[in-house]
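> Quick one, what's the 3D model for this:
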Amino acid sequence: MDKGLLAYLLIPLFTAVLIPFAARRRPKLADILANVTLLAGLVNLCWLVLRPSVIAGAFVSVPGDGFSIFLVGLIYLVALCVSFFSTEFLPEDMPNRRAYYSLILISVAAMCGIVTTSDFFTLYVFVEVLAVTSFALITTDESKAGVEGALKYFLLTFPASALIMIGISILLLTLGSLSFEGLRAVMASGIPPGPVLFAAALIILGFLIKSGVVPFHAWTPDAYQGAYAPVAAYLGGIVTKISGVYAVVRIATLLNFFDGAAAGLSGGIMFLGMLSIAVGALAALKQKDFKRMLAFSSISQVGYIILAAGLGTPLAFIGAIFHLFNHATFKTVLFLNSASLEKAAGTTDMEELGGMEHAMPWTSWTSIIALLSTAGVPPLSGFWSKLLIILALWESGFKTYAVLALLFSIVTLGYFLLMQKNIFFGKKTPVSERSREVSAVLLTPVLVMSAVIVTAGLLFPYFYSYVWMVAERIFL
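The predicted model follows:
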């Protein structure tokens, strides 16, 4: 584990332990402690990476390989947005308020552990800690839908944990080590032993299940739809990306796919990525509930990252990193907006909504920014990551995949424009007549994340130089 980033794991963990005692008599103190901890961590990370001396030195002094600190910052950003949103969204008399914020901070610590570790066993331990906290967060409001979604999340991802453990055991018996570098060295040696590839395949399969890719996606829509609204944004924005997608991308960099090693495994991952893009997009077209549409859209967008990870070239890896970032930003906006709709209108059923643009103009326009970025419309940030992935596919000879990835981006634009029309630009309904825009506290995280989407798109050349530096550290 990178010691330079250890504080970003330990401090939220310390605050999570402190909250139940410090906020016993003043529940609102839990909100303050959680938000201050996350804000302080994010500010410190920005200073660590964006100091003029660090930028002038081409980020050489950044801890680790650059990928880890980038993801730690993303984790803190999404968690802060969800935590700040929750301060206003949660009921004043919520009995488990302290537990809610403690669970968010423990999950932040677990995710930071996942992205900073350098061995498979520690990775697995942190992933399971994150799974337990996610299970608890989904049931925050103790509704029937929440409990059902949590049970499906737990039961359908349990086989994934078993596969990962079996793979880790085989890897230990074969290599005598569970370090990432041990696997990288074996793959770079030329002809890796069969058991190593088999173990790697089992581990990747386990993380693909946890990522919710097709055909292992059955738990995803129910978990997102049943989860407490801010928790759905947290799950969709960052949790499932770190607990599954990140591991697939990281392991793919160790297997040297771009050198032709493990071609069968590479092709299988790419196929599942493409299948997820197609099935997720087509299923999203049929949904009537906004949160359920976002869940299937997440499956489709995760498919782009998995497709790029399976390809494994440096350019594909850059596209995967950037799309992981973009997915966290635009899905956080959309899920938080669905929470705002739920609070203002009492429903996320698109058939009951209509004409909400007049009642909730800020929510409407931030949704437009996020949906256009999701669909890959320039100059927003989502355009650049999809362009990189499509170019990487085309340059590597996977022209069919490149064309399909482009076509399903158009499908994505289609179902989101349909959503925007039905919810915001359609005819007014009784629900929209009585609805009002949510408070400034609920709008602030959405506006901040929307600004990030626009800024990252406009400043893409600077972002690209950083991600290319990360790719050089990992591949060269």
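> Residues contacting stretch 38-47, please?
Contacts with stretch 38-47, where a contact means C-beta atoms under 8 Å, 6 or more residues apart in numbering, come from 8, 11-12, 69, 72-73, 76-77, 79-80, 83, 105, 108. Every residue, glycine included, has its C-beta placed from N, CA and C.
> ok, 7 Å please
Applying C-beta atoms under 7 Å, 6 or more residues apart in numbering, the contact partners of stretch 38-47 are 8, 11, 69, 72-73, 76-77, 79-80, 83.
> swap in stretch 427-443?
The list of residues contacting stretch 427-443 from outside it, by C-beta under 7 Å, 6+ apart, reads 85, 87-89, 340, 343-345, 347, 352-356, 359-363.
> Straight-line length of that stretch, end to end?
From its first residue to its last, stretch 427-443 covers 24 Å (C-alpha to C-alpha, to the nearest Å).
> Let's see stretch 7-21 as PDB, backbone CA atoms only.
Coordinates of each C-alpha in stretch 7-21 appear next as PDB, following Å, rounded to 0.1, in the frame of the first residue of the first chain:
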ATOM      1  CA  ALA A   7      -3.900   9.200   5.600                       C
ATOM      2  CA  TYR A   8      -6.800   9.400   3.200                       C
ATOM      3  CA  LEU A   9      -7.800   5.900   4.400                       C
ATOM      4  CA  LEU A  10      -7.200   6.400   8.200                       C
ATOM      5  CA  ILE A  11      -8.700   9.800   8.700                       C
ATOM      6  CA  PRO A  12     -12.300   9.000   7.500                       C
ATOM      7  CA  LEU A  13     -12.100   5.700   9.400                       C
ATOM      8  CA  PHE A  14     -11.200   7.700  12.600                       C
ATOM      9  CA  THR A  15     -14.100  10.100  12.000                       C
ATOM     10  CA  ALA A  16     -16.500   7.200  11.400                       C
ATOM     11  CA  VAL A  17     -15.600   5.800  14.800                       C
ATOM     12  CA  LEU A  18     -15.800   9.200  16.400                       C
ATOM     13  CA  ILE A  19     -19.300  10.100  15.000                       C
ATOM     14  CA  PRO A  20     -21.400   7.700  17.100                       C
ATOM     15  CA  PHE A  21     -19.900   9.200  20.300                       C
END
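> Now that stretch: buried residues?
Judged by neighbour count using 16 or more other C-beta atoms under 10 Å, the buried positions of stretch 7-21 are 8-9, 11-13, 15-16, 18-19.
> picking up where we left off before, with respect to pLDDT, which of the contacts of stretch 38-47 ranks lowest?
Lowest pLDDT of these: residue 69, 83.
> Packing partners of the host helix or strand of that residue?
When elements are defined using DSSP states H and E, residue 69 is found to belong to helix 67-89. In this structure, helix 67-89 makes packing contacts with helix 28-50, helix 97-116, helix 229-234, helix 314-345, helix 440-458, helix 460-475, judged by 3 or more C-beta pairs under 7 Å, 6 or more residues apart in numbering; DSSP states H and E.
> how about the buried residues of stretch 7-21 in a markdown table, adding secondary structure?
Formatted as a markdown table, the entries for the buried residues of stretch 7-21 read as follows, by DSSP: H, G, I helix; E, B strand; the rest coil:
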| residue | secondary structure |
| --- | --- |
| 8 | helix |
| 9 | helix |
| 11 | helix |
| 12 | helix |
| 13 | helix |
| 15 | helix |
| 16 | helix |
| 18 | helix |
| 19 | helix |
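> Using JSON lines, lay out these together with distance to residue 288.
What follows is those, written out as JSON lines (distance: C-beta to C-beta, whole Å):
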{"residue": "8", "distance to residue 288": "40"}
{"residue": "9", "distance to residue 288": "41"}
{"residue": "11", "distance to residue 288": "43"}
{"residue": "12", "distance to residue 288": "38"}
{"residue": "13", "distance to residue 288": "41"}
{"residue": "15", "distance to residue 288": "40"}
{"residue": "16", "distance to residue 288": "38"}
{"residue": "18", "distance to residue 288": "43"}
{"residue": "19", "distance to residue 288": "38"}
